[in-house]
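In: Generate coordinates for the sequence data below:
(2 chains)
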Amino acid sequence: MPEYAKMKKPDVKLVILGDMNVGKTSLLHRYMERKFKETISTVGGAFFLKQWGPYNISIWDTAGREQFHGLGSMYCRGAAAIILTYDVTNWQSLVELEDRFLSLTDTANSDCIFAVVGNKADLTDPEAGLKEEEEEEEGEEEGGEGEKAERPARPPPTPPSPVARRKVHREDAIALYGRILRYKMLDERASLPAEKMCFETSAKTGYNVDLLFETLFDMVLPSILKKRSGNDSPTVDLEECRGAKRTKAGCCS
Amino acid sequence: MEKEHQEIEQPKAVRCCDLPSNCDANQTGSVEVPATISQDNPDAGELDCGIEDPFPCKGDDAAITSTNGLSEPQGAEGEGAPASALSDGTAGEADGLSKPEGAAADEDDPPENVSDSASTDNTLEDSNEFMVTVLARGGLEDQADGTPSALSEAGGPAQGPAPSHRDEDVTAESWRRHRKHVFVLSEAGKPIYSRYGNEEALSSTMGVMMALVSFVQSGDNTIRSIYSDEHTVVFVQQGPLVLVSVSCSRQSEQQLRSELLYVYRQIVSMLTQASITRIFERKKNYDLRRLLAGSEKILDGLLNLVDSDPSFLLSAVHCLPLASSLRDSLSQILQKAITPNLVFSILIAKNQLLTIVQEKTVIEDARLEPADLHLLLNLIGASSAFQAGEIWTPICLPLFNPDCYFYAYISYLDPPECTVCLLLLSTDKEAFYAVAECKRKIDEGMRTQNALRSIARAQSYSASQVGVSDLRHFMYKPFDVPDNHRQLTQFTSPEMEAPYSSEEERMRLLDLYRYLHSRIHSSSRPLKLIYHVAERETLLAWVTSKFELYTCFSPLVTKASAINAITKLLRWIKKEEDRLFIRNPPKYSTTPNPSKSSRGGKGGSDRQDTTDNGFLSLL
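Out: Residues are numbered from 1 along each chain as shown, chains lettered A, B, ... in the order given. As a prediction, the model looks like this:
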């Protein structure tokens, strides 16, 4: 049993933050389950383990609601990467990242990687809207054939005037990324370039979703290796201490 | 106004279902009314009196009342001959328009005049004020004459199924036709939640509701309910929140009140009572939706459950029948997987309880109330969007301790089917990884015992298994399971089978049960035994000091055979009780780390601690 438990021990932590309704859960759902589903508002946070090569990457999908804000720093503690998500059709969602969510990242690792992600790109970008993946959008479990039959009937997912609804441009996100680095007091030249760390995605069509997660996974690998080689984790592992104590007590008694 | 509470019976003036459209239509004589008087409604009214079946569905139409009645001239229709107004609306309507002065509507008017709402309507510009005056009088005057409401015409012909969306048109007839509306507002009259339609669109309606509440309050009194012939409007005030139910479900006021309390508690479970109070102390007109945004579905889900799941009516928990040996071994698995500050371990399958293990000291301090468990079950049901992950969320158990949070770990043990759900409650907000470790142990334990398969095989049972002919369904709630009085209140009930397999039939049976329940628990005239012959079935309800029992028989049963059947049923339950109920809920001791623990249900000092580290402190 302990072996099983060990096996599942996460090596590195990734956290998704962002305002309500920007599509954090949908992004993760698209990546993990390969489909888009109407989700309902997340309560608290949800924890997932993703096997990435020989490593276990834990992903925290958090609630965007202010109500659950208090747990934010707990989710972020020791994070190796943080995905700050906004909605490209909602300017406020980008503002909130800076106002509300950036301070939650204080508990993350000092070498934490940040990604700024504009979701719902299918609403503004015809390319993102069209680039549909093999999976059906509405991810209904049953009736594979029925879906196929339906597909031709469905009008192409091009909203009437896509570009008109765009509220946040890529430059705004890049600017935010710069401010994040400054907030973290990181040297812009030594850090990953903004162009690489700002994504526009669509959980609905799958556009850029894999790219986002897999880029990040690859980027956090060094941090895993570092953690494995030297036991120089910046945070104290309470669990380990507690476990150690307990075994000691066991020996004595 | 007499005692501390007043019940306002106000057939005309206060047809509360009318309120909404009132406001929407700006009180200037509404257009739709004249045309819409529907002829069927009088009939529906008559039918309602049918003795056999307390809930004729036909009544539904009548519920739609032309909202304008109150503040609008047409209200006058009712004036002369209320009855005729029903059948002949058009004539009255012309009248109504012509007499705006009738309104007067000052508090000093002799109440007698007011018995007819029509005379008071028209002139007032401000519908809120208007409503208040009418209501006040309603309260004063005696309604002994019992004039039927003149305003009960059905509104437009609106047909078609009502979309149960948030963006439903609140001026539509279909909106008014909903069986049960629930509104939540703040004391400042700010909308917080509406079961149907967007709260924002209903802000003026909610303003009227608040006006009603505060007007009655200004007379050192509390508004509790308003009755019209189709609707019951129940008000519940809890701290800074006001909850209103507008129902044509024929449920008793008491039942509606307890449903509103569930809604309140669900809100508390997300925010805690302390923080709600604190927020409104600081800012009276705070928009609570800021904090509840996204939780509407949880409340929607709760209200649907309340309507369809008798656990809420009985305030008891429904357990999945399970061989006691299996249940014990499940409990043991839970008992072994503990970590400091873990207080409850709960296993749920198919929305029914499998087993529950509690921390020892908790069990001595307080017990988990069924209502708290219902809220948890609803939360799980409503948050199943993403079932593969492990959820960690703060949650307050309002009856256990309304002011502090537990941290709930929720995870399914059998993805991707997701039928068996594990719920672990800790008092330590940082304990996620430790608690997740408990889940791994539980997973492991279940695997070695192959328990998941046994659980999957567990079925609810059918009434036919009891072996009593004519018995179609029953609900049995013992008061003494088992010898331990600190037991979780439970009930048992078979699957609803034919003829109750359709949604409507199920609802009809539940409505009958609700009716019997209201008779048994009537505050004025409680009953111990009811033998109720309805149109399509015969029901017998019986409450003793040991149990509460509701049974449903085929319509041809005789009184003697029904009683005989009940004896047999009780014997069967006795025989099966180890399987049907959780008999001895096990305990564990997690010896909480004193610096971290914040056990609920204790003294005040504890509470303060916990609310402080609650996250609303940022507000």
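In: drop to CA atoms for contacts and neighbour counts, all remaining ones
Out: Will do.
In: Quick one: mean pLDDT for stretch B:563-575?
Out: For stretch B:563-575, mean pLDDT is 94.
In: B:Y193 contacts B:K297, correct?
Out: No. Between B:Y193 and B:K297 there is no contact under CA atoms under 8 Å: 10.5 Å.
In: Looking at these two, which has the bigger crowd around it?
Out: Neighbours per residue (other CA atoms under 10 Å in any protein chain shown) separate B:Y193 from B:K297, with B:Y193 holding more: 26 against 17.
In: And the nearest residue in space to the more buried one that is not next to it in sequence, how far from chain A?
Out: Of all residues not flanking B:Y193 in the chain, B:V184 sits nearest, at 4.9 Å (CA to CA, 6 or more residues apart in numbering or on different chains). B:V184 sits 18 Å away from chain A, taking CA to the nearest CA, to the nearest Å as the criterion.
In: which residues sit in contact with B:V184?
Out: Counting by CA atoms under 8 Å, 6 or more residues apart in numbering or on different chains, B:V184 touches B:P191, B:I192, B:Y193, B:S194, B:L241, B:V242, B:L243, B:V244.
In: Low-confidence regions, the chain specifically.
Out: All of this refers to chain A. Applying pLDDT under 70 to chain A flags the ranges A:1-8, A:130-164, A:230-253.
In: Oops, wrong one, chain B.
Out: For chain B, the stretches flagged by pLDDT under 70 are B:1-165, B:362-366, B:383-388, B:480-486, B:591-619.
In: domains of it?
Out: Domain assignment for chain B by automatic domain parsing gives B:5-308, B:317-459+B:589-618, B:463-580.
In: Name the residues of chain A found near chain B, please.
Out: A:1, A:5, A:20, A:25, A:29, A:39-49, A:65-71, A:74, A:239 (CA under 8 Å from any CA of the partner chain).
In: Can you name every helix or strand that the helix or strand hosting B:R472 contacts?
Out: Assigned by DSSP states H and E, B:R472 belongs to strand B:471-478. Secondary-structure packing of strand B:471-478 (3 or more CA pairs under 8 Å, 6 or more residues apart in numbering or on different chains; DSSP states H and E): strand B:490-491, strand B:547-553.
In: Give me the sheet partners of the last one and which way each runs.
Out: Neighbouring strands of strand B:547-553 in its sheet, by DSSP bridges, are strand B:471-478 (antiparallel), strand B:538-543 (antiparallel).
In: Same check on the shortest one?
Out: Each strand paired with strand B:490-491, and its direction, by DSSP bridges: strand B:317-318 (parallel).
In: which residues of the stretch 101-250 of chain B fall in helices?
Out: B:111-114, B:117-120, B:127-140, B:173-176, B:203-218 (DSSP state H, counting those that start in this stretch).
In: nope, the stretch 451-600 of chain B is what I meant
Out: Using DSSP H, counting those that start in this stretch, the helices of the stretch 451-600 of chain B run over B:451-457, B:503-520, B:559-580.
In: which one of those helices is the most hemmed in?
Out: Of those, the one with the most neighbours on average (mean count of other CA atoms under 10 Å in any protein chain shown) is helix B:503-520, at a mean of 18.
In: What angle do strand B:547-553 and that one make with each other?
Out: 140 degrees (axes from the mean of the first three to the mean of the last three CA atoms, to 10 degrees).
In: List of residues touching helix B:503-520?
Out: For helix B:503-520, contacts defined as CA under 8 Å, 6+ apart pick out B:54-55, B:249-252, B:254-255, B:307-308, B:310, B:313, B:496, B:499-500, B:525-530, B:541, B:543, B:550.
In: Next: stretch B:410-419.
Out: Residues from elsewhere that reach stretch B:410-419, judged by CA under 8 Å, 6+ apart: B:349-350, B:380, B:387-392, B:420-424, B:443, B:452.
In: Any idea how far apart the tips of that stretch sit?
Out: Criterion CA to CA, to the nearest Å; first-to-last residue distance in stretch B:410-419 is 13 Å.
In: just the helices in chain A please.
Out: For chain A, the helices defined by DSSP state H occupy A:2-7, A:24-33, A:72-76, A:91-96, A:126-130, A:144-153, A:170-183, A:194-197, A:209-229, A:238-252.
In: returning to what we had before: reformat the helices and strands packed on strand B:471-478 as a markdown table; add mean neighbour count.
Out: Putting those into a markdown table (neighbours: other CA atoms under 10 Å in any protein chain shown) gives the following:
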| stretch | mean neighbour count |
| --- | --- |
| strand B:490-491 | 24 |
| strand B:547-553 | 21 |
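In: Looking at those strands, spot the one closest to A:R189.
Out: Nearest to A:R189, of all the helices and strands packed on strand B:471-478, is strand B:490-491, at 64.7 Å by CA to CA.
In: what's the closest one in contact with?
Out: Contacts with strand B:490-491, where a contact means CA under 8 Å, 6+ apart, come from B:311, B:314, B:316-319, B:370, B:475-478, B:481, B:581.
In: Run a quick neighbour tally on A:G178.
Out: Neighbours of A:G178 under the rule other CA under 10 Å: 17.
In: do the same with A:K204
Out: Neighbours of A:K204 (other CA under 10 Å): 27.
In: Now it: closest residue in space that isn't a chain neighbour?
Out: A:F36 (5.4 Å).
In: how near is that neighbour to chain B?
Out: Distance of A:F36 to chain B, given as CA to the nearest CA: 11 Å.
In: for A:T124, same thing?
Out: Between A:T124 and chain B the computed distance is 24 Å (CA to the nearest CA).
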